[in-house]
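# need the 3D shape of this:
(one chain, ligands or ions: 1)
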Amino acid sequence: MLRLPRTIEWRDGVVRLINQKELPDKLVYTETHDWRRLAKAIKDMEIRGAPAIGVAAAFSLALFAWHYTGDSLEEFLSGLERVAEEVKQTRPTAVNLFWAVERVISRARTATSLEEARKGVIEEALRIQKEDEEANRKIGEIGADLIDDGDTIITVCNAGSLATSYWGTATAPMYVAKERGKNFRVIALETRPYLQGARLTAWELMQAGIDVTIATDNSVGILAMRERIDLAIVGADRVTRKGWVANKLGTYPLALVSRVHNIPFYVAAPTSSFDLNAEGPGDFEIEKRDPNEVLIIKGIRIAPEGAKAIYYAFDLTPPQLITGFITEKGVLYPPFGKTIPRALL
Ligand code: MRU
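A predicted model of the protein is given here:
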């Protein structure tokens, strides 16, 4: 039985989330009843990972709905739209955020009374969280078949339980394979500069008793040559209708090395991470974050004062490098231009 702490929870008008900036040193929670504070938690990456960001965005709207004190449906709906606009400004790449906000707003628009609208917003947000957990479990059951006893699996960033409602996406097949009694080891790329791999993936896999080894991001080439890697599984922030994948920095180099060394390269993602409105790599924004996040780590400057840095938070992997997408609806194989729209529509 997997027993990981819940990434984010709704408790009658209060949202409680693990502050992931403090892991693995401390397991501390942020609690708030204020939608603005929750939006700030997304922006500052106290909570991160595409599906978790989607749930947090939906909960921001739910907080607004719960604490709304006015008495007009119209005024409530226009307030909700304003909250949605602000929440959408927090992080631009994970499509789950926009998808979740749209789902909640659409539900509110169908209401004929203020009470129905407020209740609908909260219900829809909770449904998004529940469906995410169910989709990830399914991804785990489907993806576990790809893992053989004795395998070495490589992953980047944290597409784990911490990045979702539960189970994770890339980690879900690992948790289910472990439940089924398979033994395997995982190499977690550390994922500079926020260190999602070293801090978060290593932490949660260790909690689950899975053998995990951390490697620096720049070691993928030699790892593929010397460590007999059987499988790569990563997550996604956005998958286009043609199969381009935006995911954490380092995913594209890992996919290239995997192709050269014949390592199957899978992307595990729920259908909420697919964007049928985007086709190619230029159709949406790739987040650029503050260069200081590269230059200063845990308060310590690691480069000369005045040095410049550049920080794209995600890269783009072309579809031809991807073996398949592990989704809750099954594994999708090429030609992705056909299999993705067919699975989603
Ligand atoms: O910047 P982050 O930590 O939000 O980026 C997270 C990732 O890139 C994950 O791989 C992705 O969101 C999938 S999470 C299941």
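
# I figured Pro173 hits Val234, correct?
No - counting by Cβ atoms under 8 Å, Pro173 stays clear of Val234, with 11.8 Å between them. For the C-beta atoms, the positions are set from N, CA and C on the backbone; glycine is no exception.

# mind listing what the residue of the chain found nearest the ligand touches?
Closest residue of the chain to the ligand, Cβ to the nearest ligand atom: Gly235 (2.8 Å). Contacts for Gly235 (Cβ atoms under 8 Å, 6 or more residues apart in numbering) come out as 49-50, 157, 159, 163, 168-170, 247-248, 267-269, 273.

# ok, 7 Å please
Contacts were defined as Cβ atoms under 7 Å, 6 or more residues apart in numbering; by that measure Gly235 touches 157, 159, 163, 169-170, 247, 268-269.

# and the pLDDT at Gly235?
In this model, Gly235 is scored at 98, pLDDT.

# what about Arg137, how many neighbours?
By other Cβ atoms under 10 Å, the residues close to Arg137 number 17.

# which secondary structure element contains it?
helix 114-143 (DSSP states H and E).

# other SSEs contacting that helix?
Judged by 3 or more Cβ pairs under 7 Å, 6 or more residues apart in numbering; DSSP states H and E, helix 114-143 is in contact with helix 50-67, helix 73-88, helix 95-109, helix 172-179, strand 324-327.

# which of those is buried the deepest?
Burial of the helices and strands packed on helix 114-143 is given as mean neighbour count (mean count of other Cβ atoms under 10 Å); helix 50-67 ranks first at a mean of 27.

# who does the lowest-mean-pLDDT helix or strand in the chain touch, helix- and strand-wise?
The helix or strand of the chain with the lowest confidence, counting by mean pLDDT, DSSP states H and E, is strand 296-297 at a mean of 94. Counting contacts by 3+ Cβ pairs under 7 Å, 6+ apart, strand 296-297 packs against no other helix or strand.

# in the sheet, which strands lie alongside it, parallel or antiparallel?
When pairs are called by DSSP bridges, strand 296-297 turns out to pair with strand 300-301 (antiparallel).

# now do the partner strand, average pLDDT.
For strand 300-301, the mean pLDDT works out to 96.

# got it, and stretch 21-29?
Stretch 21-29 comes out with an average pLDDT of 97.

# counting neighbours, what do you get for the residue nearest to Phe59 when sequence neighbours are not counted?
Leaving aside its sequence neighbours, Phe59 sits nearest to Val15 (Cβ to Cβ, 6 or more residues apart in numbering; 4.9 Å). Per other Cβ under 10 Å, the neighbour tally for Val15 reads 27.

# just checking, Val15 touches Ser60?
No - using Cβ atoms under 7 Å, Val15 is not in contact with Ser60, being 8.2 Å away.

# still on that earlier bit, mind checking the SS state of the nearest residue to the residue of the chain closest to the ligand once chain neighbours are set aside?
Among residues not flanking Gly235 along the chain, Ala159 sits closest, at 2.5 Å (Cβ to Cβ, 6+ apart). The three-state label given to Ala159 by DSSP: H, G, I helix; E, B strand; the rest coil is coil.

# Asn247 too?
Per three-state DSSP, Asn247 ends up strand.

# partner residues bridging it?
Residues in a beta bridge with Asn247, per DSSP bridges, are Asp315.

# now do the contacts for it.
157, 234-237, 314, 317.

# tell me how this structure divides into domains.
8-137, 141-344 (automatic domain parsing).

# how far does the longest one sit from its chain's centre?
Taking the mean of its C-alpha atoms, domain 141-344 sits 10 Å from the chain's own mean (Cα atoms, centre = their mean, to the nearest Å).

# how about the shortest one?
Centroid separation for domain 8-137 versus its chain: 15 Å, with Cα atoms, centre = their mean.

# in which helix or strand does Thr30 reside?
Secondary structure assignment for Thr30, by DSSP H and E: strand 29-32.

# before I go, just wanted to say thanks for your time.
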